[in-house]
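A.B. asks: From the sequence below, what's the structure:
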Amino acid sequence: MNYERPSSLSVFWVSLGKIDPNPYQPRKVFSEESLVELAQSIRQYGILQPLVVTKKESMGDGGAMTARYELIAGERRLRAAEIAGIDDVPVIIRSDELDNMARLELAIIENLQREDLNPVDRARAFTQLINEFSVSRADLANRMGRSKEYISNTTRILSLPEHMLDALSENKMKEGHTRPLLMLVDRPDEQEALFQEIIKRRITVRDSEAIARRQAADRARKQEHSPRVMQAQSAIEGILDTRVQIRTKGDEGGRILIDYFSDDDLDGIIEKLQQAREERDGLIADPVPAGDVPVSEGESSPETSDDDDVYTFKNFSL
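C.D. replies: Residues are numbered from 1 along each chain as shown. Okay, here's the model as predicted:
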């Protein structure tokens with residue numbers, strides 16, 4: 001999708017009362033305190049960056065054309081202008097007719113660039129683009145300038161209970177706390193107990209991860225697996241970069257359970273298994289395991305970023 005460069009468009013002044021909010025605004029939470037601060041700045045300096053709108057014309061009762069404007073980007077500035085009592089605001093009018101997906105996409109991009117979306121709003125906006133507008137994760141990652149894994153990991157937090165998502169939206173816990181909570185997603189009692197520790201005792205992300213891993217280790221000990229089975233479980237987790245459970249049936253074999261969190265995760269596991277088979281069959285000469293690629297001291301892998309690492313598979317290994 002090609003967008004016009006805002007700098008190439010003219011700026012107009014439009015009455016505040018003629019601008020309607022963007023129905024696809026992904027940001028749901030606006031700090032009243034920050035809005036009041038912005039309103040004070042607007043009273044003193046004005047709105048320094050124009051809002052972006054589309055023009056909607058309709059025929060009035062008397063046969064005359066009337067115009068209203070629908071906001072695409074700048075809702076925080078619009079709300080602050082209302083608080084400041086401003087009559088007219090500067091806008092850039094998009095001349096092209098934007099569909100609903102484009103309105104949502106532009107609003108997401110603006111909020112991402114300003115880092116205004118909280119993790120839950122961001123996850124819901126990505127999910128809406130994927131489900132409502134049939135955008136693939138790969139295409140969405142390209143549009144947002146992020147990795148496909150980042151998109152999948154962001155949407156994954158929506159599997160948490162609603163009250164935990166509310167706490168995340170209200171900044172009562174950090175996005176990093178969702179990692180250990182997601183490790184316990186299939187054990188709701190333990191997950192809730194950890195959540196209460198995070199909220200009431202305000203434990204750190206590192207401490208909450210340690211609790212989740214300790215609970216997993218306790219469960220593993222209760223299963224009384226042999227050292228050989230535990231070693232095999234750890235080895236498979238290292239290859240697939242996700243949580244693996246081996247459930248034995250005495251001397252009659254058992255089952256291997258592999259956790260995955262999205263279709264993309266499942267595809268990645270299949271790719272790793274196929275690569276392992278090809279290496280075994282000698283189709284790849286001297287392969288270098290992904291986890292063994294050397295990285296110079298002080299450097300990070302070129303394919304991952306701090307954002308992308310929030311929910312990487314290795315963080316789910318037990």
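A.B. asks: pLDDT at Met144, what is it?
C.D. replies: Note on Met144: pLDDT of 75.
A.B. asks: Ok, Pro180 next?
C.D. replies: So, for Pro180, pLDDT stands at 92.
A.B. asks: Let me see the contact set for it.
C.D. replies: Applying C-beta atoms under 8 Å, 6 or more residues apart in numbering, we find Pro180 in contact with Leu194, Val205, Ser208, Glu209, Ile211, Ala212, Arg213. For the C-beta atoms, the positions are set from N, CA and C on the backbone; glycine is no exception.
A.B. asks: can you redo the residues you listed as JSON lines with pLDDT, distance to Arg76 and secondary structure?
C.D. replies: Below are the contacts of Pro180 laid out as JSON lines (pLDDT from 0 to 100; distance: C-beta to C-beta, whole Å; DSSP: H, G, I helix; E, B strand; the rest coil):
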{"residue": "Leu194", "pLDDT": "93", "distance to Arg76": "34", "secondary structure": "helix"}
{"residue": "Val205", "pLDDT": "92", "distance to Arg76": "28", "secondary structure": "helix"}
{"residue": "Ser208", "pLDDT": "91", "distance to Arg76": "32", "secondary structure": "helix"}
{"residue": "Glu209", "pLDDT": "89", "distance to Arg76": "34", "secondary structure": "helix"}
{"residue": "Ile211", "pLDDT": "87", "distance to Arg76": "37", "secondary structure": "helix"}
{"residue": "Ala212", "pLDDT": "87", "distance to Arg76": "36", "secondary structure": "helix"}
{"residue": "Arg213", "pLDDT": "84", "distance to Arg76": "40", "secondary structure": "helix"}
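A.B. asks: Just the C-alphas of stretch 40-57, formatted as CSV.
C.D. replies: Below are the C-alpha coordinates for stretch 40-57, written out as CSV (Å, rounded to 0.1, in the frame of the first residue of the first chain):
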residue,chain,number,x,y,z
GLN,A,40,-1.3,23.5,28.5
SER,A,41,1.5,23.3,25.9
ILE,A,42,-1.1,23.8,23.1
ARG,A,43,-2.4,26.9,24.8
GLN,A,44,1.1,28.4,24.9
TYR,A,45,2.6,27.2,21.6
GLY,A,46,-0.3,25.9,19.5
ILE,A,47,-0.4,22.5,17.8
LEU,A,48,3.1,22.1,16.2
GLN,A,49,2.2,18.9,14.1
PRO,A,50,-1.0,18.9,12.1
LEU,A,51,-3.6,16.2,12.5
VAL,A,52,-4.2,13.9,9.5
VAL,A,53,-7.8,13.5,8.3
THR,A,54,-10.0,12.5,5.4
LYS,A,55,-12.8,14.6,4.0
LYS,A,56,-16.4,13.4,4.0
GLU,A,57,-18.8,15.4,1.9
